[in-house]
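Asker: Provide a 3D model corresponding to the input given below.
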Amino acid sequence: MPASEIVREADALRERLDNWNYQYYVLDRPTVPDAEYDRCMQRLQQLEAQYPALQRPDSPTQRVGAAPLDKFRQVSHELPMLSLDNAFNEQDMLDFNRRLLDRLGAGHEPLEFACEPKLDGIAVSLLYRDGLLVRGATRGDGSTGEDITHNVRTIASIPLRLRGSGYPAVLEVRGEIYLPRAGFEELNEAARQRGDKTFVNPRNAAAGSLRQLDARITARRPLQMCCYGVGQVQGGELPGAHSQVLECLQHWGLRINALSRVVRGIEACDDYYRELAEQRAELPYDIDGIVFKVNDLGLQQRLGFVSRAPRWAIARKFPAQEEMTRLLDVEFQVGRTGAITPVARLEPVFVGGVTVSNATLHNADEIARLGLRLGDTVVVRRAGDVIPQIVSVVPERRPAGAAAIAFPQTCPVCGSPVERTGEEAVLRCMGGLVCAAQQKAAIRHFASRRAMDIEGLGDKLVDQLVDEGLVDNVAALYRLQREQLLGLERMGEKSADNLLQALERSKHTSLARFIFALGIREVGEATALSLARHFGSWKALAQAPEEQLLQVSDVGPVVADHLVQFFDSPSSMAVVEQLRAAGVSWPDLAVSAADLPLSGQTWVVTGKLEAFSRDEAKARLQALGAKVAGSVSAKTTCVVAGPGAGSKLARATELGVEVLDETTFLARLAGLEGSS
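Answerer: Just a heads-up that it's a prediction; the model follows:
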């Protein structure tokens, strides 16, 4: 191939890969399959390896990580990276607005504010010269940071060369590098598997990733960056409003937060704060507040700075997600599979908007990793609806004589032996259904809303039924008599009748719900649905050999082994036969998953529905073959939005995804269910 053609091909590949990166990481609108991206990347790598003169520092191939550094070089910020003053309540925001108006004088009410989620990450500075990334640095103390260029170059949402034209000759971009929650969980799970120390929170993980001397380690971590402003600018002009500057940055290939908004007046700032506070738990990343900035850059200059913070901006913080408290005791709970879980009893502490007095400790390995002892002062984290967790110990506050945590040698409920089998991290009670705790947990799971949905069968009633000897497995629920129920504490005639009616209704279910309700280890809702769709009938599933089970999506060797053990267990299959004899039934599936009308589609349900719950809507969509996701992306087929839909509806509108209100959704369901 002539040299000129080789150069043109390499340039075309770079441009194509840069465009795809921009669409994927900045716009969240992927346009090609991963396989096509990989083919182009491999071809460019091949050309650059064969012709070293083709290599360029801004090539997409140069994100893999350079050779390790000996140490970090110090960087002086030409314009200081300042802190923000904080607001903690509505009055603080009113005072902030009053100070602004007092300084600006009459004629500026109401002010226009740029509102942005305050990402819980690491503030960084990116320096571009003639569009080429030449330096990345941490904020440090605001005046001096550390040169992390070798690490920021590995982050896919940071362009190595700016897109388009019109950018200043020198442009310093400022933003936050963060680790999404999913990436954080994967990182910690991998550390647990290796027996390594886990990260305390996503911010801690992002900071640790950026301070790696070996950029190849950083490259393996799914870091992202979101821009929130600029520093020094030379050789060009930017628009006169902060929000317009952010739009320019996005046009030049940098990621900005899709939830950012411009509002007028301090009351609208409060509305925005409350709206994001409600969405906070659903976001795929951590935010610890909202940043409000006067949008007009001319007014920003007039307002100026005080000490180390701008007068024109403030961060209104959310309730803390981490707090310190004291470990009072550790108790051990037994689950439906016999797993013995340590639960921390804590001195009550207000964290994440609620008072926390208990936290999960997972298993003995986790306690050992934490180095936890009774009486320790600990850091507790609660993010949204996530179960509170102890994430670290404060060693300097350990009391003298703090006792080690001893795991039980026998089951704390039934006294049966406990074992740790294979490579499992958990201890298990070997008592099986002899253990009342396992009986109760299995019955609660069976009766739960997403399983057999037996209304009125709450935890306290389950405890009574087992403790009184009326029920010892799930099939025994359907043998309960009215007189037996009336003999229980606080059980009136109406409650007894309602429970019997709920039991009768629950007999008519679906194959997927029945499989899930049985509580087979590692078989969750999605796996149960996959099994039901693949085999179509209970008989076909129960008779399937392991090699057939492994053909089902969501089923790996571990799940297949648990399924085989269940089907080979005479006692388990006896319970299934008792349930069927009691009248529990479901329709077999006559069509394969691929033939269902919504097969291959991804739907999202958000907001409040009037006709039925979101769980019921999810179940009906899944029955038609759809995958129901928790977040909106470019791969989403349709969004069902009831009243109160927030960020998911906004994201769907931004991406051009079809949105249905409840009335249209019900009509669509009726048509699909009638034809399937």
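
Asker: Would you map the strands across the stretch 201-350 of the chain?
Answerer: Using DSSP state E, counting those that start in this stretch, the strands of the stretch 201-350 of the chain run over residues 224-234, 261-264, 287-294, 305-306, 309-310, 313-317, 322-334, 339-351.

Asker: what mean pLDDT would you report for the first one?
Answerer: Per-residue pLDDT values over strand 224-234 give a mean of 94.

Asker: Can you give me the buried ones in stretch 605-617?
Answerer: Using 16 or more other CB atoms under 10 Å as the burial criterion, the residues of stretch 605-617 that qualify are 605-607, 609, 617. In this view, the C-beta of every residue, glycine as well, is placed from N, C-alpha and C.

Asker: what's in contact with that stretch?
Answerer: Stretch 605-617 is contacted from outside by 449-450, 618, 621, 628, 639-646, 648-649, 662, 665-666, using CB atoms under 8 Å, 6 or more residues apart in numbering.

Asker: among those residues, which ones are buried?
Answerer: Those of the contacts of stretch 605-617 that meet the buried threshold are 618, 621, 628, 639-642, 645-646, 648-649, 662, 665-666, by 16+ other CB under 10 Å.

Asker: Restricted to helices, list the residues you listed.
Answerer: Among the buried ones among the contacts of stretch 605-617, the ones falling in helices (DSSP state H) are 618, 621, 648-649, 662, 665-666.

Asker: Once you drop chain neighbours, what's closest to Glu90?
Answerer: By the measure of CB to CB, 6 or more residues apart in numbering, the closest residue to Glu90 outside its immediate chain neighbours is Asp270, 5.8 Å from it.

Asker: Just give me the neighbour total for the one you found.
Answerer: By the other CB atoms under 10 Å criterion, the neighbourhood of Asp270 contains 17 residues.

Asker: Against Ser260, how distant is it?
Answerer: Here the distance between Asp270 and Ser260 works out to 17 Å (CB to CB, to the nearest Å).

Asker: Can you give me the distance of Gly492 to Tyr478?
Answerer: In this structure, Gly492 and Tyr478 are 21 Å apart, going by CB to CB.

Asker: Asp561 now?
Answerer: The gap separating Asp561 from Tyr478 is 30 Å, by CB to CB.

Asker: higher neighbour count, these two?
Answerer: Taking other CB under 10 Å, Asp561 and Tyr478 do not tie; Tyr478 has more neighbours (18 against 14).

Asker: looking at the strands of the stretch 201-350 of the chain, which has the lowest confidence?
Answerer: Per-stretch averages of pLDDT across the strands of the stretch 201-350 of the chain put strand 305-306 at the bottom, with a mean of 81.

Asker: residues near the closest residue to Val434 other than its chain neighbours, how many?
Answerer: For Val434, the nearest residue in space outside its immediate sequence neighbours is Cys414; the separation is 5.9 Å by CB to CB, 6+ apart. Burial of Cys414, expressed as a neighbour count using other CB under 10 Å, amounts to 18.

Asker: show me the contacts for Cys414.
Answerer: Under the criterion of CB under 8 Å, 6+ apart, the neighbours of Cys414 are 429, 431, 434-437.

Asker: Now do the strands in the stretch 1-150 of the chain.
Answerer: With DSSP E, counting those that start in this stretch, the ranges of strands along the stretch 1-150 of the chain come out as 74-76, 85-87, 112-119, 122-129, 132-138, 144-146.

Asker: looking at those strands, which is buried most?
Answerer: Comparing the strands of the stretch 1-150 of the chain by mean neighbour count (mean count of other CB atoms under 10 Å), strand 112-119 comes out on top with a mean of 24.

Asker: what does that strand rub up against?
Answerer: 176, 178, 226, 228, 241-243, 246, 257, 259-264, 266, 268-269, 272, 276, 283, 285-296, 315, 317.

Asker: mind listing the helices for the stretch 1-150 of the chain?
Answerer: If you assign secondary structure with DSSP state H, counting those that start in this stretch, the helices in the stretch 1-150 of the chain sit at 3-21, 34-50, 90-104, 149-152.

Asker: just checking, what packs against the first one?
Answerer: Secondary-structure packing of helix 3-21 (3 or more CB pairs under 8 Å, 6 or more residues apart in numbering; DSSP states H and E): helix 34-50.

Asker: The helix it packs on: how far from the chain's middle?
Answerer: The chain centroid and the centroid of helix 34-50 are separated by 32 Å under CA atoms, centre = their mean, to the nearest Å.

Asker: got the angle between it and helix 3-21?
Answerer: Taking axes from the mean of the first three to the mean of the last three CA atoms, to 10 degrees, one finds helix 34-50 and helix 3-21 inclined to each other by 140 degrees.

Asker: Buried residues in helix 34-50, which are they?
Answerer: 37, 40-41, 44, 47-48.

Asker: Can you give the contact residues for that helix?
Answerer: Contacts with helix 34-50, where a contact means CB under 8 Å, 6+ apart, come from 6, 9-10, 13-14, 16-17, 20, 54-55, 59-61.

Asker: rerun that using 6 Å as the cut-off
Answerer: 10, 13, 16-17, 20, 54-55, 61 (CB atoms under 6 Å, 6 or more residues apart in numbering).

Asker: Closest one of those residues to Pro159?
Answerer: Nearest to Pro159 among those, counting by CB to CB, is Leu17 at 11.4 Å.

Asker: For the closest one, which non-adjacent residue is closest in space?
Answerer: Pro60 (4.2 Å).

Asker: Ok, Trp538 next?
Answerer: Distances taken as CB to CB, 6+ apart put Leu511 closest to Trp538, at 6.4 Å, once the chain neighbours are dropped.

Asker: For that neighbour, give its distance to Leu550.
Answerer: With the distance defined as CB to CB, Leu511 ends up 20 Å from Leu550.

Asker: and what of Pro168?
Answerer: Distance, Pro168 to Leu550, by CB to CB: 57 Å.

Asker: Between the two, which is the more surrounded one?
Answerer: The residue with more neighbours, out of Pro168 and Leu550, is Pro168; 20 against 13, by other CB under 10 Å.

Asker: Look up how far Leu160 lies from the more buried one.
Answerer: The spacing between Pro168 and Leu160, counted by CB to CB, is 17 Å.

Asker: Ok, Leu563 next?
Answerer: Noted for Leu563: a distance of 48 Å to Leu160, by CB to CB.

Asker: Between the two, which is the more surrounded one?
Answerer: Between Leu563 and Leu160, counted using other CB under 10 Å, Leu563 has the larger neighbour count: 24 against 21.

Asker: for the residue lying closest to the more buried one once chain neighbours are set aside, phi and psi?
Answerer: Leaving aside its sequence neighbours, Leu563 sits nearest to Leu549 (CB to CB, 6+ apart; 5.6 Å). Leu549 adopts backbone torsions of phi -60, psi -40, taken as degrees, to the nearest 10.

Asker: Renumber starting at 7 from here on
Answerer: Right, with 7 as the first residue, what we last looked at is Leu555.

Asker: Give me the number of neighbouring residues for Leu555.
Answerer: Using other CB under 10 Å, the number of residues around Leu555 comes to 22.

Asker: From what I see, it and Ala566 are in contact.
Answerer: Yes - shown here, Leu555 and Ala566 form a contact pair, counting by CB atoms under 6 Å, at 4.2 Å.

Asker: Bridging across strands, which residues link to Ala321?
Answerer: Counting by DSSP bridges, Ala321 is bridged to Asn92, Val297.

Asker: hang on, I meant Glu118
Answerer: Beta bridges link Glu118 to Arg270, judged by DSSP bridges.

Asker: quick one: pLDDT of it?
Answerer: Among the per-residue scores, Glu118 holds a pLDDT of 95.
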